[in-house]
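*Asks:* this is the structure alone, sequence omitted:
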């Protein structure tokens, strides 16, 4: 079910983000040692992110700030983290804004060793969420979940990679796949032929 706001994630992730920042800057606090990185873009920038394709900018969205990709370009990615990341979960609030009548998608990525090699959990306009593997720029669907997808609605997406097992979760509904092609790489966000906004990103091992 699509959710109209982000209160469902803001309460939890804001605590995780604040705790992660406390640990990073002070070396103490209540942050879990499992948090690798977190960003809610409230500082007004996307420092630490590497973007390719599309147009990525931090926008004001009501009382929030979000990272928005405003182009209908294909294979637009924003990545964070080192190539050595292997087993982790990336979670984000994702709002597809316009598919422009095309079969595009918006979602999160893991083990994105390059802009043409990554796993992804994405929302499609045909009311599906899919787990995909992209190798050398060619995407293959690994698993599909039926879910109502509405433009301008927020969804909580999580993609976990552990060994060869992938688990995708959309607003609490989970599905999985097994694949061994991609071993490590940064986490991130992705769109193809879709404008979208992203917020409350947390990567944890």
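*Replies:* Yep, it's here. What you see is a predicted model, and the numbers here were worked out from it, not measured in a lab. Numbers count the residues shown, from 1 in each chain.

*Asks:* flag the shaky bits of the protein, pLDDT-wise.
*Replies:* For the chain, the stretches with pLDDT under 70 are 1-33.

*Asks:* before we move on, which element is the residue most central in space within the chain in?
*Replies:* With distances taken as C-alpha atoms, centre = their mean, the residue of the chain nearest its centroid is residue 108 (2.7 Å). Taking DSSP states H and E as the criterion, the element that holds residue 108 is strand 105-114.

*Asks:* how distant is that strand from the center of its chain?
*Replies:* 7 Å (C-alpha atoms, centre = their mean, to the nearest Å).

*Asks:* one more: stretch 49-69?
*Replies:* The answer for stretch 49-69 is 13 Å, by C-alpha atoms, centre = their mean.

*Asks:* got the end-to-end distance for it?
*Replies:* Taking C-alpha to C-alpha, to the nearest Å, stretch 49-69 runs 13 Å from one end to the other.

*Asks:* with stretch 154-169 instead?
*Replies:* Termini of stretch 154-169 sit 14 Å apart (C-alpha to C-alpha).

*Asks:* now do the buried residues in that stretch.
*Replies:* 154, 155, 156, 157, 158, 159, 160, 161, 166, 167, 168, 169 (16 or more other C-beta atoms under 10 Å). From N, CA and C alone the C-beta is placed, and that goes for glycine too.
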